[in-house]
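K.L.:
coords below, sequence missing:
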């Protein structure tokens, strides 16, 4: 099973069934794995945001992807971006998973109830009830600037996301 995107790989989609680059990002508020509320519109005018949708906590590919993001948090911050992970898992599952990975310091958001509402708003809720593996780069004005929907068993390279942030 592949866990890393091959060099030069392009996204499966530059848009979703509900969004394309240039659209306003749908606002939402979800609970983090540490029990806090996180609201997208609270970041408007302050920082860019990278939304990293992942299918399931404890799955092999996700267990490679999210620690990779953790290792590059300083680079994302230097690029003026805050990173959050989003899955349909409960906050409790996300917390247990983050702990099992040695701790993740960025928020893992729970799109548990109503089930997958945010993934659906972003056009990445799969018919099986989980999200696609997808990344959205949202600028400081709340506009979607980049969409990358990956194969479910591959994860995007952090450098590609950093390159997109550099274009903002």
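P.N.:
Right, received. Where do you want to start? In this text the structure is predicted, and so the values were computed from the model without any measurement.

K.L.:
switch to C-alpha atoms for all contacts and neighbour counts from now on
P.N.:
Fine.

K.L.:
check contacts around residue 16.
P.N.:
For residue 16, the contacting residues are 122-124, 147, by Cα atoms under 8 Å, 6 or more residues apart in numbering.

K.L.:
and which of those is nearest residue 15?
P.N.:
Nearest to residue 15, judged by Cα to Cα, of the contacts of residue 16 is residue 147 at 6.0 Å.

K.L.:
Hmm, residue 137 and the closest one touching each other?
P.N.:
Yes: under the criterion of Cα atoms under 8 Å, residue 147 makes contact with residue 137 at 6.7 Å.

K.L.:
Am I right that residue 135 is in a strand?
P.N.:
Yes: the assignment for residue 135 is a strand, going by DSSP: H, G, I helix; E, B strand; the rest coil.

K.L.:
Run through the bridge partners of it.
P.N.:
Counting by DSSP bridges, residue 135 is bridged to residue 52, residue 148.

K.L.:
Number of residues surrounding it?
P.N.:
23 (other Cα atoms under 10 Å).
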